[in-house]
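1. Quick check, what structure comes out for this input:
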Amino acid sequence: MQEEVIFAGFGGQGVLFAGQLLAYTAMDEGKHVTWIPSYGPEMRGGTANCTVVVSDEPIGSPLVSRPSIAVVFNNPSMIKYRDQVKPGGLLVVNISIVEATTRREDITILNIPATETANALGETRLTNMILMGAMLAARPVVSVETLRQTIIERLPKRRQDLLALNLEAITKGVELAQAQLVARA
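-> You can find the predicted model right below:
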């Protein structure tokens, strides 16, 4: 198994943290991992994306040009990555703020109201964990339980007040994705 994942959005949306958390979780499961962040000079509000490669075997190259999974947090990221996902891949879209669409029928598309759901939980910064939960429900690159344990261990001390909400956000993302996947079956 090898999955090549791109998380993409604006700086400040937790894009890099989501990718880093996936990388740490994969390492906790004994998998081979690469994580490469990329962001514009503006940081908050500028572009931000990262690639994560997770594999059962050693990874030949950390570069990702055709991801098997793209998690897009905003409209510019949707436009940039919707056509790059490999056939048979997964596109997870934050439809709370993404207006662009795609007519691709060769990939699985999950339209998740992540920002809206995060706001309902009382914290916009949970958008990334909602999208992560949705991604893992459709494509279990790592187990949700290991992810939950990893976030408990790795959430920065200054964000510990958000731990319970992050765990709830992951669960919400899983539920939202499962509802869409079941409806299609």
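
2. can you give me the strands in this structure?
-> 2-10, 32-39, 47-55, 69-72, 90-94, 108-112 (DSSP state E).

3. For residue 83, the count of nearby residues, please.
-> 12 (other CB atoms under 10 Å). (C-beta placed from N, C-alpha, C; glycine too.)

4. Wait, it touches residue 102, no?
-> Yes: here residue 83 lies in contact with residue 102, judged by CB atoms under 8 Å, at a distance of 7.3 Å.

5. helices or strands up against the longest helix along the chain?
-> Ranked by number of residues, the top helix in the chain under DSSP state H is helix 163-184. Packing contacts for helix 163-184, counted by 3 or more CB pairs under 8 Å, 6 or more residues apart in numbering; DSSP states H and E, involve strand 108-112, helix 114-121, helix 127-138, helix 144-154.

6. and the strands of the chain as CSV, adding distance to residue 154?
-> Listed next are the strands of the chain as CSV, based on distance: least, CB to CB, whole Å:
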stretch, distance to residue 154
strand 2-10, 16
strand 32-39, 13
strand 47-55, 15
strand 69-72, 19
strand 90-94, 22
strand 108-112, 23
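
7. Distance to residue 157, mean neighbour count and mean pLDDT added to these, as CSV?
-> Formatted as CSV, those follow (distance: least, CB to CB, whole Å; neighbours: other CB atoms under 10 Å; pLDDT from 0 to 100):
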stretch, distance to residue 157, mean neighbour count, mean pLDDT
strand 2-10, 23, 24, 94
strand 32-39, 21, 16, 91
strand 47-55, 22, 23, 92
strand 69-72, 26, 28, 98
strand 90-94, 28, 26, 97
strand 108-112, 29, 20, 96
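
8. With that, I have no additional questions.
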